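Novice: fold the following, please.
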Amino acid sequence: MTDNTPTYYVYVYIDPRNFEEFYYGKGTGSRKNAHLSDDSDTEKAKRIKAIKKDGLEPIIKVIAKDLTEKEAFLIEKTLIWKLGKSLLNISPGQFADKFRKHDTFHVDLAGFDFHNGLYYVNVGQGDHRCWADCKEFGFLSAGQDKKWSDPIRTLESGDIVVAYLKNHGYVGIGRVIEKAVKVNDFRIDGKSLKHFDLKVAGIFDNCDNDKSEHPVKIQWIKTVDSKNAKWKSKAGLFTSQQIKASLQAQRLTREFLEKEFDIKFKDLLLV
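Specialist: Predicted coordinates for the structure are as follows:
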């Protein structure tokens, strides 16, 4: 039997006392009946035992049949997502990252309501890069170790980034227009950064090995210099030592940035 063999089915367990669906599963053969002898301490097993104690049996129904394993996984996950917290399934299962989180219909989510993401990016000003260069020449960068460059390399064209400068605040909002590349391969109008008057030339340290800086090209939408960075103490604004972090769940920070930079993230992301 292979994953492409259409022998799988998806089933549901229903409580006969109130006709509530409480468990979805997938399987082949007699898998749907296996839970009846489950003697574990899971909530599902407890529910089945309670039903039997009342002199009844769970109602077990096949919902979809003649499926490949992959199809069964996806249907199972769809049903689990639909009922969400009212189910007793423990594992979210395969395809979990393809479904919207519950209790998020009141917000716009990257990847669901618009394609691209909204990210905090730490400028990491120091010996290898500075905000003045990033602002003037249209990039953000990270490197000197793969653990620093790997996060910035996950930014995709169209993502919206918010640049944060440590000890100052938020200094820019821009759109990624090209994925990050090694600094030796980065070009502005066809020219290497070596042809520009950078304030921090250390960006080329380790440029010929895996520790290379990886600039990502940014089209800046709004920027300020470091002395005019946007910040408010004790306001619950988001900061992180991470190179990149999602701002999706940071409502206070998003609202602060929209006001200070006079933009609407939804409008930027729907472009």
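
Novice: if I look at Glu20, how far off is Arg47?
Specialist: Applying CB to CB, to the nearest Å, the value for Glu20 to Arg47 is 10 Å. In this view, the C-beta of every residue, glycine as well, is placed from N, C-alpha and C.

Novice: then Thr68?
Specialist: 30 Å.

Novice: ok, now Ala142?
Specialist: Ala142 is 49 Å from Arg47, by CB to CB.

Novice: what's whichever strand or helix holds Lys147 in contact with?
Specialist: Assigned by DSSP states H and E, Lys147 belongs to helix 146-152. Helix 146-152 is contacted by residues 121, 124, 140-143, 180, 210-214, 216, 242-244 when judged by CB atoms under 8 Å, 6 or more residues apart in numbering.

Novice: again with stretch 220-229
Specialist: 131-132, 135, 138, 163, 165, 168-175, 230, 261-263, 268.

Novice: one more time with 10 Å
Specialist: 123, 125, 130-132, 134-136, 138-139, 160-165, 167-175, 230, 257, 260-263, 268 (CB atoms under 10 Å, 6 or more residues apart in numbering).

Novice: that older thread, pull out the buried residues from the helix holding Lys147.
Specialist: Trp148, Ser149, Pro151, Ile152 (16 or more other CB atoms under 10 Å).

Novice: pLDDT on it, on average?
Specialist: Averaging pLDDT along helix 146-152 yields 94.

Novice: return it as PDB; C-alpha atoms alone will do.
Specialist: The C-alpha trace of helix 146-152 is given here as PDB (Å, rounded to 0.1, in the frame of the first residue of the first chain):
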ATOM      1  CA  LYS A 146      24.800  32.100   9.500                       C
ATOM      2  CA  LYS A 147      22.700  32.400  12.600                       C
ATOM      3  CA  TRP A 148      22.400  36.100  11.800                       C
ATOM      4  CA  SER A 149      22.200  36.000   8.100                       C
ATOM      5  CA  ASP A 150      19.700  33.100   7.800                       C
ATOM      6  CA  PRO A 151      16.700  35.000   9.200                       C
ATOM      7  CA  ILE A 152      17.100  37.900   6.800                       C
END
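
Novice: check contacts around Val200.
Specialist: With contact taken as CB under 10 Å, 6+ apart, Val200 is in contact with Gln125, Gly126, Asp127, His128, Arg129, Cys130, Trp131, Ala132, Asp133, Cys134, Ser141.

Novice: ok, now with 8 Å
Specialist: By CB under 8 Å, 6+ apart, Val200 lies in contact with Asp127, His128, Arg129, Cys130, Asp133.

Novice: run a quick neighbour tally on the closest residue to it other than its chain neighbours.
Specialist: Once flanking residues are discounted, Val200 sits nearest to Cys130: 4.6 Å by CB to CB, 6 or more residues apart in numbering. Applying other CB atoms under 10 Å, we find 21 residues neighbouring Cys130.

Novice: from Phe261, how far off is Cys130?
Specialist: From Cys130 to Phe261 the distance is 21 Å (CB to CB).

Novice: measure Asn209 to Val183 for me?
Specialist: Counting by CB to CB - Asn209 and Val183 are separated by 11 Å.

Novice: have a look at those two and say which one is more surrounded.
Specialist: In terms of neighbours (other CB under 10 Å), Val183 is the more surrounded of Asn209 and Val183; the figures are 25 against 8.

Novice: any stretches of the stretch 1-150 of the chain with poor pLDDT?
Specialist: 1-3, 84-111, 113-114 (pLDDT under 70).

Novice: ranges for the strands of it?
Specialist: Listed in chain order, the strands found in the stretch 1-150 of the chain under DSSP state E, counting those that start in this stretch are 8-15, 20-27, 59-67, 118-122, 139-140.

Novice: tally up the residues packed near the closest residue to Thr7 other than its chain neighbours, please.
Specialist: Take Thr7 and drop its neighbours on the chain: the residue closest to it by CB to CB, 6+ apart is Thr28, 5.1 Å away. For Thr28, the neighbour count with other CB under 10 Å is 14.
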